[in-house]
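Trainee: Provided below for reference: sequence and predicted model.
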Amino acid sequence: VELVESGGGLVQPGGSLRLSCVVSGFTFSSSVMSWYRQAPGKERESVASITRDGLTTAYADSVKGRFTISRDNAKKTVYLQMNSLKPEDTAVYYCKALSFGGATYGMNYWGKGTLVTVSS
């Protein structure tokens, strides 16, 4: 099982980034996918989630209207489009899968994270 995030980097306030998370080793289409983040000195927090069919999403209040989560089940990839970035969005962003498929039912899997830094 592997989740690999990419797309992080340094961006100026007001800018945009698109994170990607590619999954392997379990049935992606049977998993609820989420993005979390952890800022320095703070606890990890949920940012956005998307259902298996991609039809329902949920967002933290702090990112509503600025971030968009999406998925491509054929590519086994989940995305996080981040617009109007603020310095307070600076964090390591993690991809998480909650599996509802077969032998991995109920298991949570995490990626290693990608760093997003918003600074001028």
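Mentor: Arrived safely, thanks for sending. Residues are numbered from 1 along each chain as shown.
Trainee: what distance separates the start and the end of stretch 37-56?
Mentor: For stretch 37-56, the separation between the terminal residues is 20 Å (CA to CA, to the nearest Å).
Trainee: and that stretch, what's buried?
Mentor: Within stretch 37-56, the residues scored as buried using 16 or more other CB atoms under 10 Å are 37, 47-50, 52. Heads up, the C-betas are built off the backbone N, CA and C, glycines and all.
Trainee: pull the distance from that stretch to the chain's centre.
Mentor: Relative to its chain's centre, stretch 37-56 lies at 6 Å (CA atoms, centre = their mean, to the nearest Å).
Trainee: what does it rub up against?
Mentor: 29-36, 57-60, 63, 67-71, 73, 78, 80, 88-94, 100, 113, 116 (CB atoms under 8 Å, 6 or more residues apart in numbering).
Trainee: which of those count as buried?
Mentor: Buried, going by 16+ other CB under 10 Å: 30-36, 59, 63, 67-69, 71, 73, 78, 80, 89-94, 113, 116, out of the contacts of stretch 37-56.
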